[in-house]
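J.: Please find the sequence and the predicted model below.
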Amino acid sequence: MKVAIFTDTYYPDINGVARTLKKFTDHLSYRQIDFRVFAPKPPSIEYVAEHIHRFESLSFFLYPECRLALPNVMKIKMELESFSPDLIHVATPFNLGLCGIYFAKKLEIPLVGSFHTDFDQYLAFYDLQLLSKWVWNYMAWVHNQFQTTFVPSNETLMHLKQRNFKNLKIWPRGVDCQLFHPLYEKDTVRKKYGLSKKYLLLFVSRLAPEKDISTLLRVAKTIPAELNKDIEWIWAGDGPLRKDLEKEAPENVIFTGYLNGKDLAEIYSASDLFIFPSPTETFGNVVLEALASGTPVIGADSGGVKNIISSGKTGLLCAPGAAEEFNEAIVQLLSHDSLRWQMGMEGRKFALTQRWENIFDQLLSDYDQVIKKETNEIYA
């Protein structure tokens, strides 16, 4: 099998799509499956490989970390004809994704896609709701050209079915349980960030409106004073709201910027709770990372997050935007150590069933079915 992937975001970009695709291409290499990636060129890039073709790009206003490429169509055509892929996978609906669709049809190559980001949900956080109908029509037009559209959660699948998306199949996300685990030395994190209070609450995400940072800020500011004196926060991530947040956030909030690898895994493990109010997730990779680290999650009862958290077992779900519910959940879990510990262990147990290797092998099996079906139709 030879696979060509068209995406408008890829490593070293820091977002769920880029990270998932990098893990997937690592798995393709492990399985000795030949592949090519067509992706934008970030402003500064250190990661260069012969199987990745980069194109000059501009930032996308709704998501600056996602770039709009200026593709060289002739270069893409020559590379595809030389590589002769068995399947094209389009991961994003922008310039490079459209190129992937065009060449799949022109060269009669089986075509699949994946749905990662609910841009329609983003519109409300940027006061652009009037574009909603246009966005849904466009997204449905793009995805209904695929033999299969892979979606990350059952919640997303049901949502897209209601919008007349066709040929949907779940491609869940996994977690590296060897990197993310509960056994890191917590004192290391406490010393590193100068932590001295009893409880550590964690938020990991891009600091942008669509993550509902306004609710997070209200939660941090309105925790009952008697409990709040024993709480410190770490907000790990970066984005357009960071400067304003550093001015507005309470004194017990520490901003770390983007973290990855062991640095990130250690703070998950050292935290007592992971707080995640974002209502726009199609999956929620960071939620699964927290569970793998034995850290219960208090999250928004929305999107893919509600398919990860078993409320009352691995964490608690709250109504989106309801800061008072998040505060009640925080008080409940910090007041019951044994319940919090039990939820952490249940979260770890669940995460151990979500291994990337099994998930990617299933995707490759799904690829194989699409290729065989297309081949049979050609020769029928």
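T.: Alright, I've got the coordinates. Numbers count the residues shown, from 1 in each chain.

J.: now the helices for the stretch 151-300 of the chain?
T.: Using DSSP state H, counting those that start in this stretch, the helices of the stretch 151-300 of the chain run over 154-162, 186-192, 213-222, 225-228, 242-248, 261-270, 285-292.

J.: got the CA positions of the longest helix seen in the chain in CSV?
T.: Among the segments of the chain that qualify as a helix by DSSP state H, the longest is helix 356-379. Taking C-alpha atoms only, helix 356-379 is exported to CSV below (Å, rounded to 0.1, in the frame of the first residue of the first chain):
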residue,chain,number,x,y,z
TRP,A,356,-2.5,4.1,18.9
GLU,A,357,-1.1,1.0,17.3
ASN,A,358,-4.5,-0.8,17.3
ILE,A,359,-6.3,2.3,16.2
PHE,A,360,-3.9,2.9,13.2
ASP,A,361,-4.0,-0.7,12.2
GLN,A,362,-7.7,-0.5,12.0
LEU,A,363,-7.5,2.6,9.8
LEU,A,364,-5.1,0.7,7.5
SER,A,365,-7.6,-2.1,7.3
ASP,A,366,-10.3,0.5,6.4
TYR,A,367,-8.0,1.9,3.7
ASP,A,368,-7.6,-1.6,2.3
GLN,A,369,-11.3,-2.1,2.0
VAL,A,370,-11.7,1.2,0.2
ILE,A,371,-8.9,0.3,-2.3
LYS,A,372,-10.4,-3.1,-2.9
LYS,A,373,-13.9,-1.8,-3.4
GLU,A,374,-12.7,0.8,-5.9
THR,A,375,-10.7,-1.8,-7.8
ASN,A,376,-13.6,-4.1,-8.0
GLU,A,377,-15.8,-1.3,-9.3
ILE,A,378,-13.3,-0.5,-12.0
TYR,A,379,-13.1,-4.0,-13.2
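
J.: Switch the helices of the stretch 151-300 of the chain over to JSON lines; also include mean pLDDT.
T.: Shown next, in JSON lines, are these (pLDDT from 0 to 100):
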{"stretch": "helix 154-162", "mean pLDDT": "92"}
{"stretch": "helix 186-192", "mean pLDDT": "95"}
{"stretch": "helix 213-222", "mean pLDDT": "97"}
{"stretch": "helix 225-228", "mean pLDDT": "96"}
{"stretch": "helix 242-248", "mean pLDDT": "96"}
{"stretch": "helix 261-270", "mean pLDDT": "97"}
{"stretch": "helix 285-292", "mean pLDDT": "97"}
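
J.: Looking at these, which is nearest to Phe83?
T.: helix 285-292 (29.6 Å; C-beta to C-beta). Every C-beta, even on glycine, is put in place using the N, C-alpha and C of the backbone.

J.: on contacts alone, who are the packing partners of that closest one?
T.: Using 3 or more C-beta pairs under 8 Å, 6 or more residues apart in numbering; DSSP states H and E, the elements in contact with helix 285-292 are helix 16-30, strand 199-204, helix 261-270, strand 273-276, strand 297-300, helix 305-308, helix 337-351.

J.: Kindly calculate the angle that it makes with helix 16-30.
T.: 70 degrees (axes from the mean of the first three to the mean of the last three C-alpha atoms, to 10 degrees).

J.: pLDDT weak spots in the stretch 201-350 of the chain?
T.: For the stretch 201-350 of the chain, applying pLDDT under 70 flags no range at all.
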